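**Q** Requesting a structural model of the entry that follows:
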Amino acid sequence: AGQYFTCGIAIDGQTYCWGTNQFGQLGDGSLINRTLPTPVFSSVNLVSIDAGSNHVCGLAVSGAAYCWGYNARGQLGDATTTNRLTPVQVR
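**A** Here you go, the predicted structure:
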């Protein structure tokens, strides 16, 4: 859980998030708040996730890391400070 939002991984590997979405931390490609679990827009199945205040990072089966949400200080690891509305691979 992050600040005012929560994410989880279903048995089938699909990641879902819900709650506040001011910075894209729900990963569904929008900035719309969600009151029900909404699939994260990604073709990558994650095996674990961890949320910061307004961003999320996850580990894929392949071992690659992906992050999305607030990125003003480069916390997503994609060499930018651009907020991401969907998962991007950490460099």
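**Q** And the strands in this protein?
**A** 5-9, 15-19, 34-39, 46-51, 55-60, 65-69, 84-89 (DSSP state E).
**Q** Tell me which of those sits nearest to residue 75.
**A** Closest to residue 75 of the strands of the chain is strand 55-60 (CB to CB; 5.7 Å). To be clear about C-beta, it is placed using only N, CA and C from the backbone, and glycine gets the same treatment.
**Q** any idea which of the strands of the chain is most buried?
**A** strand 65-69 (a mean of 25; mean count of other CB atoms under 10 Å).
**Q** Just tell me which of the strands of the chain ends up closest to residue 77.
**A** Proximity to residue 77 (CB to CB) singles out strand 65-69 among the strands of the chain, at 6.0 Å.
**Q** what angle separates the closest one from strand 15-19?
**A** Angle, strand 65-69 to strand 15-19, by axes from the mean of the first three to the mean of the last three CA atoms, to 10 degrees: 20 degrees.
**Q** name the helices or strands packed onto strand 65-69?
**A** When contacts are defined as 3 or more CB pairs under 8 Å, 6 or more residues apart in numbering; DSSP states H and E, strand 65-69 sits against strand 55-60, strand 84-89.
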